[in-house]
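> Sequence first, predicted coordinates after that:
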Amino acid sequence: MAKYFIQGGNRLAGDLSIHGAKNSVLPILAASLLCKESIIHNCPSLSDVRAACNILGYLGCEAHQEGDTVVIRSESLSCCDIPDDLMREMRSSVVFLGAIISKCGKAKVSLPGGCELGPRPIDMHLSSLEKLGVHISEDHGYLDCWVPEELRGAVISLPFPSVGATENIMLAAVMAHGDTIIHNPAREPEIEDLASFLNSAGGKIYFMENGSISITGVGELHSTEFSLIPDRIAAATYLCCSAITGGEILLRDVVPAHLTAVFPVLEEMGCTIRSDNDTIYLRAPGELRPVKMVRTMPYPGFPTDAQAPIMALSCIANGTSVFVENIFESRYKQSAELARMGARIKVEGRVAVVEGVRKLYGASMVCTDLRGGAALCCAALAADGVSEITKISHIQRGYQDFDKNLVRMGAIIEKRDVEA
């Protein structure tokens, strides 16, 4: 088991390049099942990526990563099920369901694992797949799915723009017979990246003017080579880490348009932000101001994954900030750990009120989830003294070389392997 030991009080400044998007690579790795060979560039080195490659290997694919490139060969599968231990390695493993059904006409998977962020019902996934012709039964924690005849296009209206449900529909419909229309789909950049990957392999996926997605099924997908978009949540996290220390940072290899909902919040807190085609510059103020309200929403609204790092900033802002979480339940688990540092946070249901304090103090903390863990590190960078942070495996699921990147910008962090 590894821990971070972070000495707070050091100003973070410098240049940093952002790795490929975690939330893009995982559905695209699932989509690689449908291609003969996939070469994916700008792929981050993450434990979730390794978990996805383990699933691909179990299914009978050849998958290996060298540097930031992953090569997958999926000409034939040896099985169409994913065992419980592999599914539990990452919550987004359910995205393999649509791809396996499309490839095999059947699938058997256990319910997924990953961060505990409250219930993430997959009813929308299952009801949408049923409209495409999939029969589904649940047996002792396993989903048993099969297609009696063939996958057929359908008109599917989602009650909520679920990212995972949209991805599963795209993966199942891309080779289905006929046309599929998804009304009220998720609109995240990672959805567009998945569509671009599938289209690069011969898919026919289009984004309509009214926001719906049109999919015309094709007989097969061919081999493809593709480069992932940058990770917008990693970019937002590093901006927060610099801002909380009064720093100055230049991010490279980013898409500023993907962060337009985050910029106004940082500017409200007093940060200066400038951006061009692929860089973002931030200079922090002498004192952070509070933000009146951060309300998480589906894209293009404020991303739920950026809520926790912004909360860390608000802990030392000069005033009171309010957060409203509209995507997941139990998304404030980091608040109890931040309180160990002296933060003043009151949580009631989906609302959190943060009263800024003059100073945070180093403490022993436990990562509760991926983004919450990053927020603890962010707060520790500004704390007085040393913080000890455990269960950093959560952080390694979504940030490549997190500690090394922070050290590169001037942080004092030591990663130690200790006995469990």
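Yes, it's here. Numbering: from 1, shown residues only.
> Please make it C-alpha for all contacts and neighbour counts, starting now.
Fine.
> Now do residue 114, the pLDDT please.
Residue 114 is assigned a predicted lDDT (pLDDT) of 43.
> which stretches of the stretch 201-350 of the chain form helices?
Counting by DSSP state H, counting those that start in this stretch, the stretch 201-350 of the chain has helices at residues 232-244, 263-268, 307-314, 334-339.
> Please name every helix or strand in contact with the longest one.
So the one you mean is helix 232-244. Secondary-structure packing of helix 232-244 (3 or more Cα pairs under 8 Å, 6 or more residues apart in numbering; DSSP states H and E): strand 248-252, strand 279-283, helix 307-314, helix 370-382.
> Does the first one pack against any helices or strands, and if so which?
Read that as strand 248-252. Checking 3+ Cα pairs under 8 Å, 6+ apart, strand 248-252 ends up next to strand 13-17, helix 232-244, strand 279-283.
> Please apply the same query to the longest one.
When contacts are defined as 3+ Cα pairs under 8 Å, 6+ apart, helix 370-382 sits against strand 2-7, helix 232-244, helix 307-314, helix 334-339, strand 386-390, helix 393-396.
> Which among those is found nearest to residue 188?
helix 232-244 (10.6 Å; Cα to Cα).
> got the angle between that closest one and strand 13-17?
Inter-element angle recorded for helix 232-244 and strand 13-17: 180 degrees (by axes from the mean of the first three to the mean of the last three Cα atoms, to 10 degrees).
> Out of the helices of the stretch 201-350 of the chain, which gets nearest to residue 396?
helix 232-244 (11.8 Å).
> now the closest one, how far from the chain's geometric center?
Distance of helix 232-244 from the chain centroid (Cα atoms, centre = their mean, to the nearest Å) equals 14 Å.
> now swap in stretch 214-234 and tell me
17 Å.
> What are the buried residues along that stretch?
Neighbour-count burial for stretch 214-234, counted by 16 or more other Cα atoms under 10 Å, picks out 214-218, 221, 223-224, 226-234.
> do the same with stretch 282-300
For stretch 282-300, using 16+ other Cα under 10 Å, the buried residues are 282-285, 287-291, 294-296, 298-299.
> How about residues contacting the host helix or strand of residue 58?
Using DSSP states H and E, residue 58 falls within helix 47-59. If you take Cα atoms under 8 Å, 6 or more residues apart in numbering as the criterion, helix 47-59 is touched by 22, 25-26, 29-30, 33, 62-64, 77-82, 86, 89-90, 93, 396-398.
> among the residues you listed, which ones are buried?
Applying 16+ other Cα under 10 Å to the contacts of helix 47-59 flags 22, 25-26, 29-30, 33, 62-64, 77, 80-82, 86, 89-90, 93, 396-398 as buried.
> Next step: these restricted to strands.
62-64, 81-82 (DSSP state E).
> Pipe the residues you listed into TSV and attach distance to residue 141 and pLDDT per row.
Listed next are those as TSV, based on distance: Cα to Cα, whole Å; pLDDT from 0 to 100:
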residue	distance to residue 141	pLDDT
62	28	96
63	28	95
64	30	93
81	13	92
82	12	91
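> Of those residues, which pair is most distant in space?
The widest separation within these (Cα to Cα) is 20.6 Å, between 64 and 81.
> So which of the buried residues of stretch 214-234 sit within strands?
Members of these lying in strands (criterion: DSSP E): 214-216, 224, 226-227.
> Now stretch 205-223 - C-alpha only, CSV.
What follows is stretch 205-223, C-alpha atoms only, in CSV (Å, rounded to 0.1, in the frame of the first residue of the first chain):
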residue,chain,number,x,y,z
ILE,A,205,-22.6,8.4,-36.2
TYR,A,206,-23.8,12.0,-36.5
PHE,A,207,-24.7,14.7,-34.1
MET,A,208,-27.9,16.4,-35.0
GLU,A,209,-28.7,20.2,-34.7
ASN,A,210,-31.2,19.5,-31.9
GLY,A,211,-28.6,17.6,-29.8
SER,A,212,-29.8,14.1,-30.7
ILE,A,213,-27.4,11.4,-32.0
SER,A,214,-28.1,9.6,-35.2
ILE,A,215,-26.5,6.2,-35.8
THR,A,216,-26.8,4.2,-39.1
GLY,A,217,-25.7,0.6,-38.5
VAL,A,218,-22.8,-0.7,-40.6
GLY,A,219,-21.9,-4.4,-41.3
GLU,A,220,-18.5,-4.2,-39.8
LEU,A,221,-15.8,-1.9,-38.5
HIS,A,222,-12.2,-2.0,-39.8
SER,A,223,-8.9,-1.3,-38.2
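> starting at the chain centroid, how far to it?
On Cα atoms, centre = their mean, the centre of stretch 205-223 falls 23 Å from the chain's centre.
> picking up where we left off before, go through the buried residues of stretch 282-300 and say which is closest to residue 271.
Proximity of the buried residues of stretch 282-300 to residue 271 was ranked by Cα to Cα; the top entry is residue 284 with 4.6 Å.
> is it true that that closest one touches residue 241?
No. Here residue 284 does not reach residue 241: they are 10.2 Å apart, not a contact under Cα atoms under 8 Å.
> Domain-wise, how is this protein divided?
Using automatic domain parsing, the domain ranges for the chain come out as 2-19+230-417, 22-227.
> what's the spacing between the residue with the largest distance to the centre of the chain and residue 161?
What lies farthest from the middle of the chain is residue 149; by Cα atoms, centre = their mean that is 34.7 Å. Going from residue 149 to residue 161 by Cα to Cα, to the nearest Å gives 29 Å.
> before we move on, what about residue 197?
21 Å.
> try residue 59
Noted for residue 59: a distance of 30 Å to residue 161, by Cα to Cα.
> and if you look at residue 228?
22 Å.
> ditto for residue 130
Residue 130 is 18 Å from residue 161, where distance means Cα to Cα.
> Repeat that for residue 52.
Counting by Cα to Cα, the gap from residue 52 to residue 161 is 24 Å.
> just residue 303 next, same as before
13 Å.
> More neighbours: which of these two?
Remark: of residue 303 and residue 161, residue 303 carries more neighbours, 23 against 19, as counted by other Cα atoms under 10 Å.
> burial count for residue 204?
Neighbour tally, residue 204, other Cα under 10 Å: 18.
> Return the residues in contact with it.
174, 198, 215-218.
> Got the confidence number for it?
Taking residue 204 on its own, its pLDDT is 98.
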